[in-house]
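compute the structure for the input listed below.
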Amino acid sequence: MRSWLIFAAGVFGYLVAVMERTTIGVAGVSATDRFHTTASLLSTLAVLQLLVYAVMQLPVGVLIDRVGPRALMLTGTGLMAAGQVTVAFSDVIALAVAGRVLVGAGDAMVFTSLIRLVSSWFAPRTVPQLSQWVGNVGQLGQVLSAVPFALILHQSGWTAAFLSAAALAMVAFVAILTTVRNRPPGTDEGTRPVSWGQSLRQLGVTIARPGTQLGFWSHFVTQSSGTVFALMWGFPLMVYALGYSPELASWMLTVIVAAALVVGPMLGILTARFPLRRSNIVLTIVIAMGVVWTALLLWPGTPPTWLVVLLLVVVGAGGPGSLVGFDFARTSNPLHALGSANGFVNVGGFAASFVMIYLIGVVLDWRSHLVGAGPYTLDGFRAAFAVQYLVIGAGVFFLLRARRRTRRRLLDEEGIEVGPLWVALVARWNRGRH
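Here you go, the predicted model:
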């Protein structure tokens, strides 16, 4: 019972972190008016937040292994509250950026700490499915930012909306303070590093493992597209380029969450049942996203609503798909080094996200100056969103390299050979016929 109370408090903390992370995407149109800024400068609000998040993942992972996840989660929720208060009272872009940096720093401490708690408090066979539920329930934070936060923003204004977000972060702080503990009493998770030198050596060994790298690139290619859409550029695309009302655009963003809630449990079952085919699950999701993005960007005229909904569904599947990366880390590292491994994996998707968010802003402004039109046009977004093919394509290349090394190590150390998927499917088909 205690483990489930800790799980509930931790997931609530993560749900709040996702809400704090995505508020700036919903407020993007209001931020343009409030700060009188360009698309590329506005993108720095999200880019710096994600940059801080990504940069902090390695030190946060090391600290989790040294001091435990509880302290990090408390610090994180406190920083998010302080950051949102700063944004609430900002009247210049520089102050808003500083507030979002605090939000990114706090957000960086929550998710990897929670994944570490799940590994400590639950049996290994249940961890893949619980990790999916962590991601799925946590993503409901996008609903909080897309609906109630957006409603407060439009009816009561900028300051009231961001102060309400800060208040919710403090509720999460109290829940974690009163409930969460690092591990079950009397358990031994191995020797913890006692110095920064030992921590850094352990981090180096962890990153060098091919399975950890495979987790990084899996997270890189699956999580980033949905983050870019929900956090920054999806709302302006739908409002300015597609002509949706702000209220409809806010509701459309909830499709991403709904898709994750449906896909996540299925991926948890598949990951647990077919551990040797986890990379094929990741690649299938990437291919689906590539196909739908291509259809949307090449559609003559304004894309139909059903195609936009389909896009939101497939990028929504990328969120649960990115959690497969943490399962690679879990099965490739000892428990006492899992914080460092999870921190490294979590850098992947957010590193890709802030690169793409920034490049999309740059392309929008560049094309605006080139053709003499506003930055938020449909043709402008077509050109800008194409940067995904370069970034995610590079990620797929490195994923395949890491998978090859991981499978080679699995063969050398455990004698398990993982052949191509089509060979396995043909063999299964032949067994079924006989």
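
now residue 274. Its backbone dihedrals?
phi -120, psi 70 (degrees, to the nearest 10).

tell me how many other residues crowd it.
For residue 274, the neighbour count with other Cβ atoms under 10 Å is 12. (Each C-beta comes from the backbone N, C-alpha and C, glycine too.)

so which strand or helix has residue 152?
Assigned by DSSP states H and E, residue 152 falls within helix 150-156.

buried residues in that helix?
150, 152-154 (16 or more other Cβ atoms under 10 Å).

need the residues that contact that helix.
26-27, 30, 160-161, 164, 246-247, 250 (Cβ atoms under 8 Å, 6 or more residues apart in numbering).

against which helices or strands is the very next helix or strand once past that helix packed?
The helix or strand immediately downstream of helix 150-156 is helix 158-179, counting by DSSP H and E. Applying 3 or more Cβ pairs under 8 Å, 6 or more residues apart in numbering; DSSP states H and E, we find helix 158-179 packed against helix 2-26, helix 69-88, helix 150-156.

burial count for the nearest residue to residue 342 once chain neighbours are set aside?
Counting by Cβ to Cβ, 6 or more residues apart in numbering, residue 112 is the residue found nearest to residue 342 once chain neighbours are left out, at 4.5 Å. Residue 112 has 30 neighbouring residues, counting by other Cβ under 10 Å.

right, and residue 112 touches residue 58 too?
No - counting by Cβ atoms under 8 Å, residue 58 is not a contact partner of residue 112; they are 10.1 Å apart.

report the set of residues contacting both of those two.
residue 343.

count of neighbours near residue 86?
20.

number of nearby residues for the closest residue to it other than its chain neighbours?
In space, not counting the residues next to it along the chain, residue 86 is nearest to residue 99; the distance is 3.2 Å by Cβ to Cβ, 6+ apart. The tally of other residues near residue 99 (other Cβ under 10 Å) stands at 24.

with residue 412 instead?
9.

let's verify it: helix, strand, or coil?
Of the three states, residue 412 takes helix under DSSP: H, G, I helix; E, B strand; the rest coil.

gap between it and residue 367?
50 Å (Cβ to Cβ, to the nearest Å).

could you do residue 129 as well?
For residue 129 relative to residue 367 (Cβ to Cβ), the value is 44 Å.

now residue 26
24 Å.

what do you get for residue 260?
Residue 260 is 32 Å from residue 367, by Cβ to Cβ.

neighbour count winner among these two?
Remark: of residue 260 and residue 367, residue 260 carries more neighbours, 29 against 18, as counted by other Cβ under 10 Å.

tell me the angle the strand or helix carrying that one makes with helix 2-26.
Taking DSSP H and E as the criterion, the element that holds residue 260 is helix 246-273. Put simply, helix 246-273 runs at 140 degrees to helix 2-26, going by axes from the mean of the first three to the mean of the last three Cα atoms, to 10 degrees.

tell me the first helix or strand C-terminal of helix 246-273.
Assigned by DSSP H and E, the successor of helix 246-273 is helix 278-298.
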